[in-house]
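# Sharing a model prediction with you, sequence too.
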Amino acid sequence: MNATATTPSRVARTVRGQPTSDGAGVKLTRVIGQRGLDMLDPFLMLDEFRSDQAGDYLAGFPNHPHRGFETVTYMLAGRMRHGDNQGNSGLLTPGSVQWMTAGRGIVHSEMPEQENGLMAGFQLWVNLPAKDKMSAPRYQDIAPEKIPVVEAGEGVRVRVIAGRHGETVGPVSGIAVEPLYLDVELAPGARTAVTLPAGHNAFAYVYEGTAALGPDGAAANVERGELAVLERTGDELLISGSGVPTRLIVVAGRPLNEPVARYGPFVMNTPEQIAEAISDYQSGRF
Ligand code: CO
């Protein structure tokens, strides 16, 4: 085996998520897709939802359309029922992932299937290349037990949702931007390293504790609720936990470098394609 030189990955900047609400009034934290970070090509939006107050989530996300991109739901706690206008339906349970390629269009709903208790997780929007925006819709529903957990050193557990960590490959397949999606859990004081795909845009979002990200002597402290945008030149991210249990997601994707025309749940390349999406939706062609 050849020894491969690695370049340490550094934090370019950090962004704090902003409280907002969406759907029929679900309270959430918008991390990508807000003033501080409009997008990080190919990622259009990242929402964290986390509440044990039923009033924050009970209204759910009734029927709404999507065209031109992918929605990725990662459930940490709680149960969400998913259904669409093509007869697909499923239950998202804790630890499960749904990678939905909306393509040319679906109309779906995402409704809580609980009336109390904690509901927590993420929804990430991933753009599709121009050539795939009108492809047939596709679902990858991944049960929790299908997501490999790598014991990556003392007190480190890495769930591999998409992409590769060492020799372990995640279950999500066939995605245009060749994503990496890891959920990293560190015991107090634990350290680990994550290999990032070369040339991808990458971020880390800390949702529990505090993580030091980057090489020793030049690491940035990233607190719960903060997203770190990583410099694109690096390919090895060093992660150190703090004095408390720490959890973060590390996500990377190949940038598309294509024009983005965006209107609510439609993400296309030109304003004409947005007008077409609205017209197709209004006349029931989804
Ligand atoms: Co949706």
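Done, it's in. The shown structure was predicted, so the numbers you read here are calculated from the model rather than taken from an experiment. Numbers count the residues shown, from 1 in each chain.

# and Met273, helix, strand or coil?
For residue 273 the amino acid is Gln, not Met. Secondary structure, DSSP: H, G, I helix; E, B strand; the rest coil: Gln273 is helix.

# what stretches of the stretch 1-150 of the chain score poorly on pLDDT?
1-4 (pLDDT under 70).

# now stretch 45-56: how far from the chain's centre is it?
On the basis of CA atoms, centre = their mean, to the nearest Å, the separation between the geometric centre of stretch 45-56 and that of its chain is 15 Å.

# What of stretch 7-27?
Distance, centroid of stretch 7-27 to centroid of chain: 11 Å (CA atoms, centre = their mean).

# Numbering from 36 from now on, please.
Happy to do that; since the first residue is 36 now, the last one works out to stretch 42-62.

# For it, list every residue counted as buried.
Neighbour counts over stretch 42-62 (16 or more other CB atoms under 10 Å) mark 43-46, 49-50, 52, 58, 61-62 as buried. Backbone N, C-alpha and C define where each C-beta goes, glycine included.

# got it, and stretch 244-261?
Of the residues in stretch 244-261, 244-249, 254-257, 259-261 count as buried by neighbour count, 16+ other CB under 10 Å.

# same question, stretch 296-308
Under the neighbour-count criterion of 16+ other CB under 10 Å, stretch 296-308 has 296-297, 300-304, 308 buried.

# Closest to Leu159 out of these?
Nearest to Leu159 among these: Val302, at 13.1 Å, using CB to CB.

# Where do the helices of the stretch 86-235 of the chain begin and end?
89-92 (DSSP state H, counting those that start in this stretch).

# Show me where it has its strands.
Secondary structure of the stretch 86-235 of the chain (DSSP state E, counting those that start in this stretch): strands at 96-101, 104-112, 115-119, 124-127, 132-136, 141-147, 154-162, 173-177, 184-186, 191-197, 199-200, 203-204, 215-221, 226-230.

# Residues in contact with the fourth one: which ones?
Strand 124-127 is contacted from outside by 108, 110, 114-118, 133, 145, 148, 156, 174, 176, using CB atoms under 8 Å, 6 or more residues apart in numbering.

# Many thanks, we can stop here.
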